[in-house]
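Colleague: Quick check, what structure comes out for this input:
(one chain, ligands or ions: 1)
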Amino acid sequence: MPTLSERDHAVLWHPYTQMQTAPLPIAITRGEGSWLVAEDGTRYLDAISSWWVNLHGHAHPHIAARVSEQLRTLEHVLFAGFTHPTAVELAEQLLEILPENQARAFYSDNGSTAVEVALKMVLQYFHNLGQPTRRTFICFKNSYHGDTFGAMAVSSRGAFTEPFWPLLFDVKFIDVPVPGREAEVLAQLDALLQNPEVAGFIFEPLVLGTAGMVMYEPVILSEMLHRCQAAGVLCIADEVMTGFGRTGPLFASSLLTAQPDLMCFSKGLTGGTLAMGLTTCAAPVYEAFLSDDKMRALFHGHSYTANPVACAAALASLELTRAEECTEQRRRIAAAHAAFRAEIEGQPGIRAVRHRGTILAVEYDPGEGTSYFSRLRDAFYQLALDHHVVLRPLGNVVYLLPPYCTTDAEMALLYTVLRQMREVVLDFVPAPNLPHILHD
Ligand SMILES: *Cc1c(COP(=O)(O)O)cnc(C)c1O
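Modeller: Coordinates of the predicted model:
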């Protein structure tokens, strides 16, 4: 009898995976709290919330109950010409907690489509206003906004997108204003804002996830938003990763003194239960689409727009996220990260430690110019698995982004693994120019 992993290997094609060389996938049959349970009974601590989506633990009974009730009431209805209670209620509740200028919510299917919708809203906003020459975007050099074409175009021109570079529309890149580089980046921004073709600025607020959990401060991002908005450039906060409490407050944008014109959400939106995307915008953006002329409407939509079951999952998750207990859980995780950071920062083998809210990133120093494709990455990945911990190092950067229900004892296990990784680094013998295989 072949195992589930072997049957998978015969028929499936996995994301971000070199299928020829990747080890067999681990078959998970059950989830419970922060743990994933494999076919053979082995339990794995999900330290990265299953690719940043899970907020309150796996198979959460409250979310499951709401989803199951919704499935038996209304599973789906088209969303043009029709509406339904969970879509309305979710939009009402979200607009209540988002920055107060956010006025309208547009549903889609995932983070990439939430970004596509935002980009199209910005471009058509200027088209509808009779300024179609405003059609380019300012983006951060190491940014990641998704895998569809528009989202790739506003993301870093990195190894992931190289086969598609010639087909990606042109954008203007600026550096990330990490501490110490703020003035330089402001100068880059000011220069680009002279360009009358710039329509929008899209950014991952405060933490660039895929770039390696690169962090920068609210003060400088607020200043950048003020300057963009003074120049008539629309600002898009991609909160797909940072949304729903990851950085401490409910949204990273809550820490800014400026309000983005548009916002994108997905990963934590349903608590990690079902795929859904959401783009919100301020009133002036929405109003530019209002007209007696049908052609000014936003002609974008997906078959499963505002799926009632996904909306029900989101409502159930939001209820948990807004509860005092969740705020307390996030505070506890942030405090544990801060203590671990104080312990490990400055030790041999550690290049940098970054921390904001429930996200901790340790950049190890293997003493060479290591990249994402570093051999070290695989050693780290395996070491974590040996400890029954799921981590996906970004090269020499290892980050924790745990579900909020993760206990102190579970956090202690994660820090033990991070300490052992430092031992691995100190023993690491670099082999430069080794061709390497892309996993993630
Ligand atoms: C993951 C991510 C996306 C893409 O979301 P998908 O649901 O994977 O399409 C977009 N932006 C950011 C910041 C992300 O982290």
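Colleague: contacting residues around W13?
Modeller: Remark: with contacts taken as Cβ atoms under 8 Å, 6 or more residues apart in numbering, W13 is in contact with M19. Yep, even glycine has a C-beta here, placed from its N, CA and C like the rest.
Colleague: Spell out which parts of the stretch 101-250 of the chain neighbour the ligand.
Modeller: For the stretch 101-250 of the chain, the residues in contact with the ligand under the definition Cβ under 6 Å from any ligand atom are 110-112, 115, 144-146, 204, 209, 238, 240-241.
Colleague: Let's see the pLDDT reported for the residue of the stretch 301-440 of the chain found nearest the ligand.
Modeller: Of the stretch 301-440 of the chain, the residue with the smallest distance to the ligand, taken as Cβ to the nearest ligand atom, is L401 at 10.4 Å. The predicted local confidence for L401 comes out at a pLDDT of 98.
Colleague: Repeat that for the one 5 residues further on.
Modeller: As summarised for this prediction, T406 has a pLDDT of 98.
Colleague: circling back to that earlier point, could you report the neighbour count for the residue of the stretch 301-440 of the chain closest to the ligand?
Modeller: Under the neighbour criterion other Cβ atoms under 10 Å, L401 is assigned a count of 25.
Colleague: Same question for G232.
Modeller: Burial of G232 is recorded as 14 neighbouring residues (other Cβ under 10 Å).
Colleague: tell me the secondary structure for the spatially closest residue to L394 that is not a sequence neighbour?
Modeller: With Cβ to Cβ, 6 or more residues apart in numbering as the measure, G212 is the residue that lies nearest to L394, at 4.7 Å, once sequence neighbours are left out. Recorded secondary structure, G212: coil (DSSP: H, G, I helix; E, B strand; the rest coil).
Colleague: likewise A10?
Modeller: Each residue gets one of three states, and A10 gets helix by three-state DSSP.
Colleague: Contact partners for it?
Modeller: Applying Cβ under 8 Å, 6+ apart, one finds that A10 lies in contact with P2.
Colleague: contacting residues for the residue of the stretch 1-150 of the chain at minimum distance from the ligand?
Modeller: Among all residues of the stretch 1-150 of the chain, G111 sits closest to the ligand, at 2.0 Å; criterion: Cβ to the nearest ligand atom. Contacts for G111 (Cβ under 8 Å, 6+ apart) come out as 145-146, 151, 238, 240-241, 264-267, 277.
Colleague: Among the residues of the stretch 101-250 of the chain next to the ligand, pick out the one closest to L391, please.
Modeller: Nearest to L391, judged by Cβ to Cβ, of these is G209 at 14.3 Å.
Colleague: re earlier: hang on, isn't the residue nearest to L394 packed against A361?
Modeller: Yes - the criterion here is Cβ atoms under 8 Å, and G212 meets it with A361 at 6.8 Å.
Colleague: joint contacts of the two?
Modeller: Here G212 and A361 share the contacting residues 397, 399, scored by Cβ under 8 Å, 6+ apart.
Colleague: Compare neighbour counts for the two and give me the winner.
Modeller: When G212 and A361 are compared on other Cβ under 10 Å, the one with more neighbours turns out to be A361, at 23 against 20.
Colleague: which residue sits closest to the more buried one in space, ignoring its chain neighbours?
Modeller: M213 (3.5 Å).
Colleague: For that neighbour, give me its contacts.
Modeller: By Cβ under 8 Å, 6+ apart, the residues touching M213 are 207, 354, 359, 361, 394, 397, 399.
Colleague: And for L192?
Modeller: Each residue near L192 by Cβ under 8 Å, 6+ apart is listed here: 138, 172, 174, 198.
Colleague: Among the contacts of G111, which ones are in helices?
Modeller: A151 (DSSP state H).
Colleague: As CSV, the contacts of G111 with distance to F289 would be great.
Modeller: Below are these laid out as CSV (distance: Cβ to Cβ, whole Å):
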residue, distance to F289
H145, 22
G146, 23
A151, 21
D238, 21
V240, 23
M241, 28
C264, 18
F265, 20
S266, 22
K267, 27
G277, 19
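Colleague: Now do the lengthiest helix in the chain: which elements does it pack against?
Modeller: In the chain, assigned by DSSP H, the helix with the most residues is helix 324-344. Secondary structure elements in contact with helix 324-344, counted by 3 or more Cβ pairs under 8 Å, 6 or more residues apart in numbering; DSSP states H and E, are strand 350-356, strand 359-364, helix 408-426.
Colleague: try it again with 6 Å
Modeller: With contacts defined as 3 or more Cβ pairs under 6 Å, 6 or more residues apart in numbering; DSSP states H and E, the packing partners of helix 324-344 are strand 350-356.
Colleague: Determine how far stretch 29-46 lies from the middle of the whole chain.
Modeller: The gap between the average C-alpha position of stretch 29-46 and the chain average comes to 23 Å, counting by Cα atoms, centre = their mean, to the nearest Å.
Colleague: my bad, stretch 303-322
Modeller: Centroid displacement of stretch 303-322 relative to its chain, using Cα atoms, centre = their mean, is 18 Å.
Colleague: Check whether it comes near the ligand.
Modeller: No - Stretch 303-322 lies apart from the ligand when judged by Cβ under 6 Å from any ligand atom; the minimum separation is 12.5 Å.
Colleague: out of the contacts of L192, which is most surrounded?
Modeller: When neighbours are counted by other Cβ under 10 Å, I138 leads the contacts of L192 with 24 neighbours.
Colleague: State the paired neighbours of the helix or strand hosting that one in the sheet, together with their directions.
Modeller: Using DSSP states H and E, I138 falls within strand 136-140. In its sheet, strand 136-140 lies beside strand 172-174 (parallel), strand 198-203 (parallel), with partners assigned from DSSP bridges.
Colleague: Just the CA trace of that strand, in CSV.
Modeller: Taking Å, rounded to 0.1, in the frame of the first residue of the first chain, the C-alpha atoms of strand 136-140 are listed here in CSV:
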residue,chain,number,x,y,z
THR,A,136,2.8,53.8,-12.9
PHE,A,137,3.5,52.7,-9.3
ILE,A,138,6.2,53.2,-6.7
CYS,A,139,7.2,50.0,-4.9
PHE,A,140,9.8,48.8,-2.5
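Colleague: Residues contacting it, please?
Modeller: Judged by Cβ atoms under 6 Å, 6 or more residues apart in numbering, the contacts made with strand 136-140 from elsewhere in the structure are 154, 171-173, 176, 192, 197-198, 200-203.
Colleague: Among those, which one lies nearest to A47?
Modeller: Nearest to A47 among these: V176, at 24.6 Å, using Cβ to Cβ.
Colleague: OK, contacts around the closest one?
Modeller: Taking Cβ under 6 Å, 6+ apart, we find V176 in contact with 140, 214, 216.
Colleague: Would you confirm that the last one contacts G180?
Modeller: No - distance between Y216 and G180: 10.2 Å, which falls outside the contact criterion (Cβ atoms under 6 Å).
Colleague: neighbour count winner among the two?
Modeller: Y216 (24 against 7).
Colleague: Check the spacing between the more buried one and the ligand real quick.
Modeller: Remark: distance between Y216 and the ligand (Cβ to the nearest ligand atom, to the nearest Å) = 14 Å.
Colleague: Lovely, talk soon.
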